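[1] prediction below, plus the sequence it came from.
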Amino acid sequence: MRIVQTDAAPKAIGPYSQAIEANGFVFVSGQIPLDPQTGQLVDGDIKKQTKRVFENIKAILAAAGCQLSDVVKVTVFTKDISNFSAINEVYSEYFQNHKPARSFVEVSALPRDAQVEIEVIAIKEVKA
């Protein structure tokens, strides 16, 4: 097992890792729309916030030697299911031809009162 950490994504705001690599998989902790430079939530609508989340995920995956095309499972959490279409529009920009398994759920609250949180699981190609 290996802890994955990068300064290109927000530091963990609790007792967890940005990601863990284990047995050929990379488990990326839920990311909210935090600016990695300031540690603050980004201003803007749900689309801008979702883009920030995906940029954070991409940075963590890169630190683990992966990319979005290695993602096999995505879980999206939102405080308002009416954001589904807007989040899905941004999601489609990041996953164009690659379609990982996905769950999309509404929750009552998220850390720092964020509107969206996304976690992913990627498979890491084992090189011989």
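    Received it, and whenever you're ready, just let me know what you need. Numbers count the residues shown, from 1 in each chain.

[2] now this structure, which segments are flagged as low pLDDT?
    Low-confidence segments of the chain (pLDDT under 70): 126-128.

[3] how about the strands in it?
    2-4, 19-22, 25-31, 71-78, 101-106, 116-123 (DSSP state E).

[4] could you say what helices and strands the shortest one packs with?
    I take that to be strand 2-4. strand 19-22 (3 or more Cβ pairs under 8 Å, 6 or more residues apart in numbering; DSSP states H and E). All C-beta atoms are positioned from the backbone trio N, CA, C, and that covers glycine.

[5] next: the second one.
    In this structure, strand 19-22 packs against strand 2-4, strand 25-31, helix 46-63, with contacts taken as 3+ Cβ pairs under 8 Å, 6+ apart.

[6] please save the CA atoms from that strand in PDB.
    Extracted in PDB, the C-alpha atoms of strand 19-22 (Å, rounded to 0.1, in the frame of the first residue of the first chain):
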ATOM      1  CA  ALA A  19      -5.400   8.800  -2.400                       C
ATOM      2  CA  ILE A  20      -4.200   5.300  -1.600                       C
ATOM      3  CA  GLU A  21      -2.600   2.900  -4.100                       C
ATOM      4  CA  ALA A  22      -3.200  -0.700  -3.300                       C
END
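
[7] how far does it sit from its chain's centre?
    14 Å (Cα atoms, centre = their mean, to the nearest Å).
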